[in-house]
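>>> I would like the atomic coordinates for the input below:
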Amino acid sequence: MTALTIHTVDSAPAGSKPLLEALQKNFGFIPNLFAAFAESPAALQGALAIAEAFSKSSLSPGEQQLVALAVSEANDCPFCVAAHSTIAKRFARVEPEIVAAVRERAPLSDAKLDALVSFVRKVVDQRGWVADPDVAAFLAAGYAKAQLIEVLMGVGMKTYNNYVDHIGHLPLNDQFKPEAWQPKRKAA
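Just a heads-up that it's a prediction; the model follows:
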């Protein structure tokens, strides 16, 4: 059972309607995550604002998707793993083998991307208490301090999204079903 309402443009509160209409226009559908956020116009606006800011980071579109995917895998979020697997492959042109490795918590064949995903996992798993050598390894892989902050923005954004899915038990949109995923580790 879904604990949250999956809104349409017609069922959403007035403040969410124009935001859902824009999503419909941009994506061709409304992802169920944002349809659930629509219950609160402020929450939907905030989620979209941080997503837009993250999209303007100095991380490449592929790196952005890997951050989102790694956070979602670490937080056991089926909806977001499926969504970001789809987006990473179709729009950010991330190699399917890289996406599969992130989904399976396996090492990545690209050393720089592996450092990125490893760092993201440490941030999530250690709730931000990442050791100095881990930060140094991230920077030594070729990332800048600004990108470290941008990774943290992505972690915050996706954690917020993941928790909405956890509470809402959101069904996958048809567009994401080919990338359906279930966590190997079960959260309490």
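>>> Which neighbouring elements make contact with the longest helix seen in the chain?
The longest helix of the chain (DSSP state H) is helix 145-168. Contacts defined by 3 or more C-beta pairs under 8 Å, 6 or more residues apart in numbering; DSSP states H and E place helix 145-168 against helix 32-37, helix 41-55, helix 61-74, helix 78-90, helix 111-125, helix 132-140. Every C-beta, even on glycine, is put in place using the N, C-alpha and C of the backbone.
>>> which one of those lies closest to Pro18?
Nearest to Pro18, of all those, is helix 41-55, at 9.3 Å by C-beta to C-beta.
>>> Now do the same contact list for Phe29.
Phe29 makes contact with 173, 175, according to C-beta atoms under 8 Å, 6 or more residues apart in numbering.
>>> That one: what secondary structure?
Put simply, Phe29 is coil when judged by DSSP: H, G, I helix; E, B strand; the rest coil.
>>> roughly how far out does the longest helix of the chain sit from the chain middle?
Distance of helix 145-168 from its chain centroid, counting by C-alpha atoms, centre = their mean, to the nearest Å, is 7 Å.
>>> Specify the angle between that helix and helix 61-74 in degrees.
40 degrees (axes from the mean of the first three to the mean of the last three C-alpha atoms, to 10 degrees).
>>> about what we covered before: would you reformat the helices and strands packed on helix 145-168 as CSV and include mean pLDDT, mean neighbour count and distance to Leu152?
Formatted as CSV, those follow (pLDDT from 0 to 100; neighbours: other C-beta atoms under 10 Å; distance: least, C-beta to C-beta, whole Å):
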stretch, mean pLDDT, mean neighbour count, distance to Leu152
helix 32-37, 98, 24, 21
helix 41-55, 98, 15, 10
helix 61-74, 98, 26, 10
helix 78-90, 98, 23, 17
helix 111-125, 98, 19, 7
helix 132-140, 98, 14, 11
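>>> Which one of those helices lies nearest to Ala180?
When these are compared (using C-beta to C-beta), the closest one is helix 78-90, at 5.4 Å.
>>> May I have the closest one as PDB, with CA atoms only?
C-alpha atoms of helix 78-90 as PDB (Å, rounded to 0.1, in the frame of the first residue of the first chain):
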ATOM      1  CA  PRO A  78      14.200   0.700  -5.300                       C
ATOM      2  CA  PHE A  79      12.400   3.700  -7.000                       C
ATOM      3  CA  CYS A  80      15.500   5.900  -7.200                       C
ATOM      4  CA  VAL A  81      17.800   3.100  -8.200                       C
ATOM      5  CA  ALA A  82      15.500   2.200 -11.100                       C
ATOM      6  CA  ALA A  83      15.000   5.900 -12.100                       C
ATOM      7  CA  HIS A  84      18.700   6.800 -12.000                       C
ATOM      8  CA  SER A  85      19.700   3.600 -13.800                       C
ATOM      9  CA  THR A  86      17.400   4.600 -16.600                       C
ATOM     10  CA  ILE A  87      18.500   8.200 -16.700                       C
ATOM     11  CA  ALA A  88      22.200   7.300 -16.500                       C
ATOM     12  CA  LYS A  89      22.000   4.900 -19.400                       C
ATOM     13  CA  ARG A  90      19.600   6.800 -21.700                       C
END
